[in-house]
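Engineer: generate a structure from the sequence data that follows.
(chains A and B)
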Number of protein chains: 2
Amino acid sequence: MLNPVSAMAVVNFTEWSRRREEAYRRFVEDIEIGYTDRDIVDFIRLVFSKRRVFTTSSCSGRITIVDTLYPWLRDEAYILFKKHSSIELSEIESIIIYRPIYRYWLIVNGPIIHFNLASLEDVQKLLTLLREAGFKHSGIISIGSSGIVVEAVSGVWTSFLIRDGDHIVVTNLQHIVDIANSILAEGKNRLERLFKAFKELEI
Amino acid sequence: MLNPVSAMAVVNFTEWSRRREEAYRRFVEDIEIGYTDRDIVDFIRLVFSKRRVFTTSSCSGRITIVDTLYPWLRDEAYILFKKHSSIELSEIESIIIYRPIYRYWLIVNGPIIHFNLASLEDVQKLLTLLREAGFKHSGIISIGSSGIVVEAVSGVWTSFLIRDGDHIVVTNLQHIVDIANSILAEGKNRLERLFKAFKELEI
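Structural biologist: Residues are numbered from 1 along each chain as shown, chains lettered A, B, ... in the order given. Sure, this is the predicted structure:
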């Protein structure tokens, strides 16, 4: 069905290889500095152990408190808290006690990984594997001479409106913290599944 | 940078054209039956006025009440309410008065459109247009002999946990209804922007 040779014509392999080296150097440097997102390190290492793929941007999942009108905004949004592991009530209580400029949202993100590949045949393999591992919202977000970028997203994402101006919106914050932690754990489980499946991937 | 001729080799144009005709027939039949999602009809008509693209699945944005443990689940999830336009407090109060099996989530989705195209060159044009029109999470979700499928997603998506078992989670439901309606409106605005931009697209 696919014609990998013709698809390869899109990507400049020399440019792609250079990008791969840059990404690997940055990864190694970040480890030396100290990765804040420790749960993703082994996965990135695994990705770089494969010859025909690399990753530029990866997150194992996180909980944030954002002051913004809507949770999808980036420009008029202030991230007041960010953690890649379970949170405790006391950690966020000390933040939301102050009045927000807009609204406080507690946002839980599952893992997000950007893969860069050189051939459409490998992309097909990866997309199939991603869907089987529970990353159902994955897709190709760009195709160019420097590579084909696949964004792996699991669909594990939830927002909770916590405070709007002076108005505290939720009745029981501990309850929200518990649910947020279980959502984060579900995201990490999917990353674990992906890790196991990715080991077997021949690319 | 791109080589559209070689990329075309992936798609079987005869098969693609047959799919396009089927999709158009289904659209016309659905209009006769009566589309529940009226805000998307003009946009689908516009898509079919272009020769080298069609759409199989489209939604202008909607508000749902879902009984489920987590908002991303599909199997153990019951959609108790669905509306493609603004909601009123009374419409949802009568639902959440009953105890959920899992949890009641009020979910607002922005527009989601699946485009099917025959060439990578056209896909590139469409992806550029989508990003400019505020559909920043768009990507290619499959490439096969029957076409290249692009999912257009705006990132306008928010969940509100309303009730967990016997426990009502929000303090002021009217407030949530107002925010949900404004999020729905933001999604519809993006669809309007996309409509205008799509008119000028030469594919």
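Engineer: relative to B:Leu120, how far out is the closest residue to A:Arg20 other than its chain neighbours?
Structural biologist: In space, and not counting its chain neighbours, A:Arg20 is closest to A:Phe54: 4.3 Å by CB to CB, 6 or more residues apart in numbering or on different chains. All C-beta spots, glycine's among them, are computed from the backbone N, C-alpha and C. Using CB to CB, to the nearest Å, A:Phe54 is found at 22 Å from B:Leu120.
Engineer: got any ranges where chain A has weak pLDDT?
Structural biologist: Residues of chain A that meet the criterion pLDDT under 70 lie in A:1-9.
Engineer: ranges for the strands of chain A?
Structural biologist: Counting by DSSP state E, chain A has strands at residues A:53-59, A:62-68, A:77-83, A:103-109, A:112-117, A:139-144, A:147-153, A:157-164, A:167-168.
Engineer: the residue nearest to A:Arg20 against A:Val47, yeah?
Structural biologist: Yes - contact between A:Phe54 and A:Val47 holds when scored by CB atoms under 8 Å: they sit 6.5 Å apart.
Engineer: neighbours of A:Glu88, how many?
Structural biologist: Residues within reach of A:Glu88, counting by other CB atoms under 10 Å in any protein chain shown, total 11.
Engineer: now swap in the one 5 residues further on and tell me
Structural biologist: A total of 12 residues lie near A:Glu93 under the criterion other CB under 10 Å.
Engineer: next one: A:Leu120
Structural biologist: Residues lying near A:Leu120 (other CB under 10 Å) number 24.
Engineer: for the one 10 residues further on, same thing?
Structural biologist: Burial of A:Leu130, expressed as a neighbour count using other CB under 10 Å, amounts to 24.
Engineer: surely it is in contact with A:Ile140?
Structural biologist: No - using CB under 8 Å, A:Leu130 is not in contact with A:Ile140, being 11.3 Å away.
Engineer: what touches both of those two?
Structural biologist: Contact with both A:Leu130 and A:Ile140 is made by residues A:Val150, according to CB atoms under 8 Å, 6 or more residues apart in numbering or on different chains.
Engineer: re earlier: got any residues that touch both of A:Phe54 and A:Val47?
Structural biologist: A:Phe115.
Engineer: would you mind measuring from the residue nearest the centre of chain A to B:Phe135?
Structural biologist: With distances taken as CA atoms, centre = their mean, A:Ile112 lies nearest the centre of chain A, 1.9 Å away. Counting by CB to CB, the separation of A:Ile112 from B:Phe135 is 18 Å.
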